[in-house]
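1. okay, predicted coordinates and the sequence, questions at the end:
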Amino acid sequence: MGMILANVGEDDGSSAGESGGDSSGGSSGNSGLIRNHAHKIPTPSAAVRTKDQFKRRVTKSADESGIANEKSRRDAKSARKTKLQPLTLQDAKPKKKSTMTRQLTGYDEWEKPVVVHKPIAKSRRAAEEAPLLQSAHAYDAETDIESGILLEELDDSESKPEIKTELDKLFKLSYPVIFTYVLEFFPEIVSMTLVGHLDSPLTKQYLDGVALSTMCMNLTAIGVGFGLATAMDTLCSQAYGAGKPKKLGIYLQSGLIVLGIAMIPVFLINWYTEAFLLMLGQPAQVVALAGRFSRILLPGIPFMFVYEMIKKVMQAQNVVLPMVYIAVFSNVVNLVLGIYLVFYTSLGFDGAAIARLVSEFVLPLALVPYYMRNPHIPAEWWSGWQLKEAMHHLGTFLTLGIPGMFMMLLEWWSFEIMAAIVGWLPHSVVSISVHSVLVNVSTMAFNVFLGISVAANVLVGNYSGSNQPNHAKMASTLGMLLSVSVSAILAVIIIATRYYIPEVFINDAVSISLTGHALLFLMPYQMCDALNAVMQGVFRGTGRLMLGAYINLIAYFVIGLPCGVYLAFRMDLGVEGMWLGLTVGIFFGCVVSLVKILETNWKGMADAARVRTS
């Protein structure tokens, strides 16, 4: 039930007169709405909370204003004695909030109360004009200094998070993201499958060429662009939580500038892929095919970058289902067009690359009809080109994006280095086959953990931006617990089918048997990888990407790979030793990350988010 509080007038004298004249009906000049929820929701310090505070403020205002005449003193005394009478608001209807606003603020009925006196009129205007998600929790420090009133901490302004509610949000966000990432992984598999079924004496070289091209583009193009775009994970989720959706469009423009500049070295490196690969001692024929495949795919890289950034803008707003439909459509285009070009035209090997290129064009272009059909969605966050404002945020974007890029690339690089080391093992052909199956299984499982990671990242960022530190803490905890639970379920499934899974990838009986045994060593790595993925999502949501980069550097390169080499060669454990070594490294990373998250000052993270999005 909402209440109307009779409030003071525009100055100290008039407030006393009006309050004395009509204490039951309230002041007609300015009345405020106050929510009366089951839990206590304190108003900003500009509002009159209690009669005692009211007495002190009126007395102070009267003294500082130099009111000397007796009439003014009597008026002030009358104001101090006036009792604020709550009146039941019968006819006012609650203002409808969006689902996101209700979820983030916990306020689903009433506007922020605005009960002020004249010395802080500017604070009232600022509170009325601020976005809903920000106004419920944030404050304007500059205005506070001008008004001369110290604002209180708003720790208790947050409703208590409920596990069931937060878990439901986590599920609803994570499962579409999981499907999206799994679908985005399919084009690589489709390309290799298509060229692998060509009736040609060069089929083996075709497969190696596609694999080598994919590896190079992931490390020198996709990893760079997608890594820099992780800055959007922090900026967009926190800005949307703070009730500033228009900032999402500005951050998108900042990202386009940064990734546009990054495209210059990316283009040059991938155009001359052959030269770099020959320097690394790769077979000339395979290198030529890899270079050809990469050059065909190069025009699709900018489209992939744009798609990734828009995807992060939508994820920050909890809009995730459209990306699933777009990914499905892109895969259909890749498969159908690939079959036609590879097997029904003379393009053959090049046809697989062209089909994949077209499917990459489809990803961002498919958003055009979606936005035309739903114009209210981009209208919420896009206000046109604001390049000057976007340039202003480049420093912040790079401060987050560069560590985010290394956080991603360090993990990717470690896998490629491990693949090269496996090739030096005795019986290298069998070892490579076993290792490739483990990598594919691990990657598919990681896409599941990545979906949970993105969901945790978005919720932590939203809650930090809306100054709800307890909710942010709850989201991070539930994300970690969910990832471990899901990884345990996947571990049981993989163990039960460990001798059937290899048959999907290889047909050699010896390799299948060895792979089935090696999959047992993958399980502890998988558990750690799941937890690590979500904790890195928490780091992105709180803007601590540099911390994540340092942890990955130590986990993979200082501990993981050296331990793997020792176990594989000195202890003669082969492929299993490499994966055990990597498990030791990532376990160390998990321990450090967990300690850092448990030590997190969540209120401090919320304050930092408010500063970042101001």
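-> Arrived safely, thanks for sending.

2. gap between the two ends of stretch 195-203?
-> Start-to-end span of stretch 195-203 (Cα to Cα, to the nearest Å) is 7 Å.

3. same thing with stretch 561-577?
-> 10 Å.

4. next one: it to chain centre, how far?
-> 35 Å (Cα atoms, centre = their mean, to the nearest Å).

5. and the contacts of it?
-> 414, 417-418, 421-422, 425-426, 431, 434-435, 438, 514, 517-518, 521, 578-582, 584-585 (Cβ atoms under 8 Å, 6 or more residues apart in numbering). For the C-beta atoms, the positions are set from N, CA and C on the backbone; glycine is no exception.

6. likewise stretch 307-318?
-> With Cβ under 8 Å, 6+ apart as the criterion, stretch 307-318 contacts 100, 173, 177, 180, 225-226, 229, 232-233, 236-237, 239-240, 245, 248-249, 251-252, 255-256, 259, 320, 322-323, 363-364, 367, 380-381, 454, 458, 461-462.

7. just the ones of the residues you listed in helices?
-> Within the contacts of stretch 307-318, residues falling in helices by DSSP state H are 100, 173, 177, 180, 225-226, 232-233, 236-237, 239-240, 248-249, 251-252, 255-256, 259, 322-323, 363-364, 367, 380-381, 454, 458, 461-462.

8. which residues of the stretch 501-614 of the chain score low on pLDDT?
-> Within the stretch 501-614 of the chain, no stretch has pLDDT under 70.

9. meant to ask about the chain
-> 1-157.

10. what's the neighbour count on Ser200?
-> For Ser200, the count of nearby residues is 12 (other Cβ atoms under 10 Å).

11. likewise Val558?
-> 12.

12. check contacts around it.
-> Val558 touches Gly585, counting by Cβ under 8 Å, 6+ apart.

13. could you check how far it is from Ser414?
-> Applying Cβ to Cβ, to the nearest Å, the value for Val558 to Ser414 is 11 Å.

14. now do the helices in the stretch 401-550 of the chain.
-> 428-465, 469-496, 502-505, 509-542, 545-552 (DSSP state H, counting those that start in this stretch).

15. mind listing what's buried along whatever helix or strand comes next after the last one?
-> Downstream of helix 545-552, the first helix or strand assigned by DSSP states H and E is helix 561-565. Of the residues in helix 561-565, those scored as buried under the neighbour-count criterion (16 or more other Cβ atoms under 10 Å) are Leu561, Cys563, Gly564, Val565.

16. which element is encountered next along the chain beyond helix 561-565?
-> Helix 561-565 is succeeded, C-terminally, by helix 574-598 (DSSP H and E).

17. next, the angle from that next one to helix 545-552.
-> Interaxial angle of helix 574-598 relative to helix 545-552 (axes from the mean of the first three to the mean of the last three Cα atoms, to 10 degrees): 150 degrees.

18. could you check how far the following helix or strand past helix 574-598 is from the centre of its chain?
-> Next in sequence after helix 574-598, counting helices and strands by DSSP H and E, comes helix 602-612. Its chain's C-alpha centre lies 16 Å from the corresponding centre of helix 602-612 when counted by Cα atoms, centre = their mean.

19. what packs against helix 602-612?
-> helix 231-241, helix 428-465, helix 469-496, helix 509-542 (3 or more Cβ pairs under 8 Å, 6 or more residues apart in numbering; DSSP states H and E).

20. that older thread, make CSV out of the buried residues of helix 561-565 and add distance to Ala472.
-> Shown next, in CSV, are the buried residues of helix 561-565 (distance: Cβ to Cβ, whole Å):
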residue, distance to Ala472
Leu561, 34
Cys563, 34
Gly564, 35
Val565, 40
